[in-house]
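Student: Here you go, sequence then predicted model.
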Amino acid sequence: MSINIILIIAIVAVSLFAFKDSNLMYKLIHNPFKVSRYKEYYRLLTSGFIHADYLHLFLNMYAMYLFGGAVEAYFSYYFGALANIYFIGLFVLGVIVANIPDFLQKKDQPYYNSLGASGGVSSIVFASIILSPLTKLMLFPIPIPMPAYIFAMVYVAYSVYMDKRQSDNVNHMAHLWGGLWGVVFMVLVYPDSLKNFFTQISESF
């Protein structure tokens, strides 16, 4: 069984348990105040294994399933025996990195909470875009297939716009921080990935 599927099963299992156990949800959720005051740093990671509702869980896991498989295949080719370790590092650190801005900005707000695997999933999505920028993707609700690198630009602009509007309860900037980590991670573990990214794009014209 692939490491991506194992992570998905673990996230779904913990999320389902937390749906039925509010105490578990409370213990795992990212509360910057508690992280700062009581040094509960584990919340920066455990919050990525719980979700607000079934739709939130489904959307994250569906994206992780689609993009994670592709990234796993690339990692196996490039990194061999280290592929699983790198994949776990990409996801886990993506969750943590995406939570750090909230931790720094909201640590004096006792009632602020955040949760979800979006940061880790975004890191996987953007890693896949760096590796395969010409793959055709669609950004809901725009039913127009576009190259992955165009998708990334539209997604970044959309996330910044939605963050400024503050019209929903989605932490759009966490998505961006997770995506940024996906790009940084690829450059760190496979420096040629950025050169290959631009080469693929330039050769497509």
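Tutor: Arrived safely, thanks for sending.

Student: the bottom helix or strand of the protein by mean pLDDT?
Tutor: Across the helices and strands of the chain, mean confidence by mean pLDDT, DSSP states H and E is lowest for helix 148-165: a mean of 85.

Student: okay, now residue 35: neighbour count?
Tutor: 20 (other CB atoms under 10 Å). Yep, even glycine has a C-beta here, placed from its N, CA and C like the rest.

Student: Check residue 186 too.
Tutor: A count of neighbours around residue 186, defined by other CB under 10 Å, yields 27.

Student: Could you list the low-pLDDT ranges of this protein?
Tutor: The model of the chain has pLDDT under 70 over residues 139-142, 166-170.

Student: now the helices for it?
Tutor: With DSSP state H, the ranges of helices along the chain come out as 3-20, 22-28, 32-38, 43-46, 54-79, 83-106, 118-131, 148-165, 172-189, 192-203.

Student: tell me which strands and helices the second one is in contact with?
Tutor: The contact analysis (3 or more CB pairs under 8 Å, 6 or more residues apart in numbering; DSSP states H and E) places helix 22-28 against helix 3-20, helix 43-46.

Student: residues in contact with that helix?
Tutor: The contact list for helix 22-28 (CB atoms under 8 Å, 6 or more residues apart in numbering) reads 14, 17, 18, 19, 43, 46, 47, 49, 50, 115.

Student: at 6 Å what do you get?
Tutor: Under the contact criterion CB atoms under 6 Å, 6 or more residues apart in numbering, helix 22-28 has outside partners 17, 18, 46, 50.

Student: before we move on, what about the first one?
Tutor: Outside of helix 3-20, the residues within contact range by CB under 6 Å, 6+ apart are 24-25, 49-51, 57, 61, 64, 68-69, 72, 84, 87, 117.

Student: With just CA atoms, put it into CSV.
Tutor: The C-alpha trace of helix 3-20 is given here as CSV (Å, rounded to 0.1, in the frame of the first residue of the first chain):
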residue,chain,number,x,y,z
ILE,A,3,2.3,5.9,1.7
ASN,A,4,-0.2,8.4,0.3
ILE,A,5,-3.0,5.9,0.8
ILE,A,6,-1.8,5.1,4.3
LEU,A,7,-1.8,8.9,5.2
ILE,A,8,-5.3,9.3,3.8
ILE,A,9,-6.6,6.3,5.8
ALA,A,10,-5.0,7.7,9.0
ILE,A,11,-6.4,11.2,8.4
VAL,A,12,-9.9,9.8,7.6
ALA,A,13,-9.8,7.6,10.7
VAL,A,14,-8.7,10.4,13.1
SER,A,15,-11.2,12.8,11.6
LEU,A,16,-14.1,10.4,11.9
PHE,A,17,-13.2,9.7,15.6
ALA,A,18,-13.0,13.4,16.2
PHE,A,19,-16.4,14.0,14.6
LYS,A,20,-17.9,11.8,17.3
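
Student: mind starting the numbering at 53 from now?
Tutor: Okay, using 53 as the starting number, the last item reads as helix 55-72.

Student: Compute the inter-axis angle for it and helix 106-131.
Tutor: Using axes from the mean of the first three to the mean of the last three CA atoms, to 10 degrees, the direction of helix 55-72 lies 160 degrees away from that of helix 106-131.

Student: picking that back up, which PyMOL command selects the buried ones in the contacts of helix 55-72?
Tutor: To isolate the buried members of the contacts of helix 55-72 in PyMOL, using 16 or more other CB atoms under 10 Å:
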select buried, resi 77+101+102+103+109+113+116+120+124+136+139+169
